[in-house]
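A.B. asks: turn this into a structure:
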Amino acid sequence: IVQIVASLKHSRIAIVGDSTQRQLFSGFECELHRRGFQTTTRKLAPWNNTKKYEQPPETADLKYGIKQPECFRVILPEWMTMTTIVNDNNDNGNEKNNTVEICKYGHYRPYLNMEQHQQIAERSDVMIIDYGLHFVSTSDSIKDNMIGYEESLNALMRMFKNNITTTNTRSASAPSMISSTGGSSIIRGCHLMYRETFAQHFETEGDLGDYESHAENLNCVPHSKPPPKGWLPERTKVLYRAAASQGFALLHPSGNDLLEEQPASTTTTGSSVTTNGTTLEETNHRYNRHGYRHELTLLPFWDFTAKLSYMHPGKGARSEKADCTHFCYSPHLWYPVWRHLRNALDGLVLRH
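C.D. replies: This next block holds a predicted model:
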């Protein structure tokens, strides 16, 4: 986590999503304090959720839209600022920036027009998002199940493609892009990341502990058996499908394209496809008209949390149902996320 903030290559990080993302935000600040960094917290102005944003019919306003935005700034000690980046607001390049700002924008679900997320992306270098637990596969309502979840991810990626200057990788055959000064332009913007949804440990009919909308969900228990080889969590599979359909390269923090790594098979028409249903045409579609591909980085987390059934709060005084979703805080809980985030950010710098 020290290297994440010390690099100063990405000085504005937005953490967007539900209460598990709030845990990530709090864990980030706690770990920085534990490492001796100074932080200052500031509340952002309340987000205006009264505008009639496009959303599924008959939805409760409580579940949609950004609420309780806040940020903390990390002030780096002088010995860490010997290789600082140029302040984005300074055109002459003389002033140095010695702060990193991490902001949290909470929501259960996004409005489908993604206006709010566009505003966040325009003021951030990195957006880390997850809100998958608020779409439940056992729900009978499309807006509440995986169909609604996939629709929202498609809308998010479309917004990035159409409105945000994303951090991209140019294909070898792409034409060079010339800036107004005659040199090669640097493609910079907000990079989209998806923090994989937590594993859950409810005592339900399934083997892998997912919350079920019609179940009692009374106890937290270990998973009854490990998932089969090559298995992906359901919400991660939804992410794979959405990335493929929107022409995004889905990157592992190492930089490998997870969609291209899927073993290929052949359809009855002879078209090459992957096990996640990605066709060769969709692979080619990942490159836009300038020859730059759209990128989304997956920060893996399900496998790590699948073993932590003992770290849930369980039953509380105010509810008979157990909380087998959130985890009690430990600095060790977040180490895989910090490691993946650092590797992903380092990879962005090297590739771009």
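A.B. asks: contact partners of the helix or strand where residue 148 lies?
C.D. replies: For residue 148, the element it lies in under DSSP states H and E is helix 146-163. Here helix 146-163 makes contact (C-beta atoms under 8 Å, 6 or more residues apart in numbering) with 56, 109-110, 112-114, 117-118, 121, 129, 131-132, 135, 137, 141-142, 166, 190, 192, 234-235, 238-239, 241-243, 245-248, 288, 294, 296. To be clear about C-beta, it is placed using only N, CA and C from the backbone, and glycine gets the same treatment.
A.B. asks: any buried residues in that helix, and which?
C.D. replies: Residues 146, 148-157, 159-160 are the ones in helix 146-163 that count as buried (16 or more other C-beta atoms under 10 Å).
A.B. asks: do the same with stretch 108-116
C.D. replies: Buried residues in stretch 108-116 (16+ other C-beta under 10 Å): 108, 109, 110, 111, 112, 114, 116.
A.B. asks: closest to residue 197 out of the buried residues of helix 146-163?
C.D. replies: Comparing these against residue 197 with C-beta to C-beta picks out residue 149 as the nearest, at 10.1 Å.
A.B. asks: now do the SS call for residue 70.
C.D. replies: strand (DSSP: H, G, I helix; E, B strand; the rest coil).
A.B. asks: go on, residue 238?
C.D. replies: The three-state assignment at residue 238 reads helix, by three-state DSSP.
A.B. asks: which residues of the stretch 1-150 of the chain fall in strands?
C.D. replies: 12-17, 38-43, 67-75, 99-106, 126-130 (DSSP state E, counting those that start in this stretch).
A.B. asks: dump these to TSV, plus mean neighbour count and mean pLDDT.
C.D. replies: Shown next, in TSV, are the strands of the stretch 1-150 of the chain (neighbours: other C-beta atoms under 10 Å; pLDDT from 0 to 100):
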stretch	mean neighbour count	mean pLDDT
strand 12-17	24	93
strand 38-43	12	85
strand 67-75	17	87
strand 99-106	22	90
strand 126-130	24	95
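A.B. asks: hang on, the earlier thing: take the buried residues of helix 146-163 and write them to JSON lines, including distance to residue 301 and pLDDT.
C.D. replies: Formatted as JSON lines, the buried residues of helix 146-163 follow (distance: C-beta to C-beta, whole Å; pLDDT from 0 to 100):
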{"residue": "146", "distance to residue 301": "19", "pLDDT": "88"}
{"residue": "148", "distance to residue 301": "22", "pLDDT": "90"}
{"residue": "149", "distance to residue 301": "17", "pLDDT": "93"}
{"residue": "150", "distance to residue 301": "20", "pLDDT": "94"}
{"residue": "151", "distance to residue 301": "23", "pLDDT": "94"}
{"residue": "152", "distance to residue 301": "19", "pLDDT": "94"}
{"residue": "153", "distance to residue 301": "17", "pLDDT": "96"}
{"residue": "154", "distance to residue 301": "22", "pLDDT": "96"}
{"residue": "155", "distance to residue 301": "23", "pLDDT": "95"}
{"residue": "156", "distance to residue 301": "19", "pLDDT": "96"}
{"residue": "157", "distance to residue 301": "20", "pLDDT": "95"}
{"residue": "159", "distance to residue 301": "24", "pLDDT": "93"}
{"residue": "160", "distance to residue 301": "22", "pLDDT": "93"}
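A.B. asks: would you turn those residues into JSON lines with distance to residue 22?
C.D. replies: Formatted as JSON lines, the buried residues of helix 146-163 follow (distance: C-beta to C-beta, whole Å):
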{"residue": "146", "distance to residue 22": "23"}
{"residue": "148", "distance to residue 22": "22"}
{"residue": "149", "distance to residue 22": "19"}
{"residue": "150", "distance to residue 22": "24"}
{"residue": "151", "distance to residue 22": "24"}
{"residue": "152", "distance to residue 22": "19"}
{"residue": "153", "distance to residue 22": "20"}
{"residue": "154", "distance to residue 22": "25"}
{"residue": "155", "distance to residue 22": "23"}
{"residue": "156", "distance to residue 22": "19"}
{"residue": "157", "distance to residue 22": "23"}
{"residue": "159", "distance to residue 22": "23"}
{"residue": "160", "distance to residue 22": "23"}
